[in-house]
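> Can you look at this prediction? I've put the sequence above it.
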Amino acid sequence: MEDVYLIRDAETAKLLADRTRCRILALLRLGEFSASDLARALGLTPQAVSYHLRLLERAGLVKVVRTEVRRNLVEKYYRAVAKRFVVSYLVAESPEAARLAKEVLGEVARGFRALGYDIDEERGAEILRRFLALKARALEEVLSRKREELPRGAWLLVELLVHVKLCSNPEFRRFVEDVKEALGGGLEPK
């Protein structure tokens, strides 16, 4: 199993927008499970889980690690191909991502108002899209230096290095100034 799997296309990234597939991937990062095992754990039908597994397998996010035959039943056991999945900044900056930002991030952007910031959904979604693209680019740069498997708990170090990269990036500093302006000149709630 790889430490990190970098998703470089929008179609694969869209698979992760589904909560059920994310739950399946989370379990398969922990070990091997059959569709029946996953169905019991998630409270779904084996047919529904099998559908999601086919999509994840076709995209290369999970793989069959063994097959067992019990009576007349062939049971496949799956495992995630990586411990962590990261969407490439190239996908985050694509036109497809801009469309998805309006759909998905628009809802998240409502959180600005919930937190006391007077900003419309569309502007909030654009801020979040830009942030995710910048963060994904920094993460990809940090991971490009990886020479061996990461030790347990090293993701905290990866996050630190990503933040250092972001803070030293002039584009990110301009982004922070844009966010301050969008929030009314500062980060003080209105």
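Now that the structure is in, tell me what you want to look at.
> roughly how far apart are the residue nearest to R110 when sequence neighbours are not counted and Y5?
When the adjacent residues along the chain are set aside, R110 lies closest to E121, with 6.1 Å between them (CB to CB, 6 or more residues apart in numbering). Using the backbone N, CA and C atoms, a C-beta is placed for each residue, glycine as well. As judged by CB to CB, to the nearest Å, E121 and Y5 stand 32 Å apart.
> and if you look at L166?
22 Å.
> domains of the chain?
2-84, 88-182 (automatic domain parsing).
> could you dump those to CSV with mean pLDDT and mean neighbour count?
Formatted as CSV, these follow (pLDDT from 0 to 100; neighbours: other CB atoms under 10 Å):
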stretch, mean pLDDT, mean neighbour count
domain 2-84, 92, 16
domain 88-182, 83, 15
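> Just give me the longest helix of the protein.
helix 121-143 (DSSP state H).
> centre of the chain versus that helix, how much separation?
12 Å (CA atoms, centre = their mean, to the nearest Å).
> likewise stretch 44-52?
22 Å.
> contacting residues around it?
Here stretch 44-52 makes contact (CB atoms under 8 Å, 6 or more residues apart in numbering) with D18, T20, R21, I24, A35, S36, L38, A39, L42.
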